[in-house]
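Asks: this is a predicted model, with the sequence first.
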Amino acid sequence: MAIDRDTIEHSAHLARIDISSWSDAELASLTEKLQRVVGYVEQLSQIDTEGVPPSIHPVEIGERLREDLAVATPGRDAILRNAPSHDGETFLVPQVVGGD
């Protein structure tokens, strides 16, 4: 697949990118870089992958989750003891919305 200025302008239009202020040198540089990317993808497509199972990750990884265990949680009194301000049942915080 050849990448040319028309392809760049069309792609920029589809992506809603304004390239009208870009110089010819900038467009030429982008064209060359995108052509190298396309060339590399074409090179990869020539690799024989027959018999290679599809994978989502190149290295096998296992679950790294901890075991789900039920544990006792501290009671309300223990938690409120650490609060700077409380009413015995809930935390008290300064009002931040809708003040007079």
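Replies: Looks like it came in fine.
Asks: can you list the low-confidence ranges for the protein?
Replies: Within the chain, the stretches with pLDDT under 70 are 99-100.
Asks: where along this protein do the strands fall?
Replies: For the chain, applying DSSP state E gives no strands.
Asks: sketch out the helices for it, chain order is fine.
Replies: 5-14, 24-45, 76-80 (DSSP state H).
Asks: now tabulate those helices in CSV and tack on mean neighbour count and distance to residue 69.
Replies: Just so you know, the C-beta spots here come from the backbone N, C-alpha and C atoms, and that holds for glycine as well. Formatted as CSV, the helices of the chain follow (neighbours: other Cβ atoms under 10 Å; distance: least, Cβ to Cβ, whole Å):
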stretch, mean neighbour count, distance to residue 69
helix 5-14, 13, 51
helix 24-45, 12, 46
helix 76-80, 12, 20
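Asks: what's the closest of these to residue 86?
Replies: Of all those, helix 76-80 sits nearest to residue 86, with 4.5 Å by Cβ to Cβ.
Asks: got the contact list for the closest one?
Replies: Outside helix 76-80, the residues within contact range by Cβ atoms under 8 Å, 6 or more residues apart in numbering are 86, 88-89, 91.
Asks: now with 10 Å?
Replies: 73-74, 86-92 (Cβ atoms under 10 Å, 6 or more residues apart in numbering).
Asks: can you check stretch 92-100 too?
Replies: With Cβ under 10 Å, 6+ apart, stretch 92-100 has contacts from 80, 83-86.
Asks: let's see 6 Å
Replies: By Cβ atoms under 6 Å, 6 or more residues apart in numbering, the residues outside stretch 92-100 that reach it are 85-86.
Asks: so what's residue 4 up against?
Replies: No contacts exist for residue 4 under Cβ under 6 Å, 6+ apart.
Asks: quick one: it from residue 91, how far?
Replies: 64 Å (Cβ to Cβ, to the nearest Å).
Asks: beta-bridge partners for the nearest residue to residue 83 once chain neighbours are set aside, please?
Replies: Leaving aside its sequence neighbours, residue 83 sits nearest to residue 91 (Cβ to Cβ, 6 or more residues apart in numbering; 5.1 Å). Legend: beta-bridge partners of residue 91 under DSSP bridges are residue 86.
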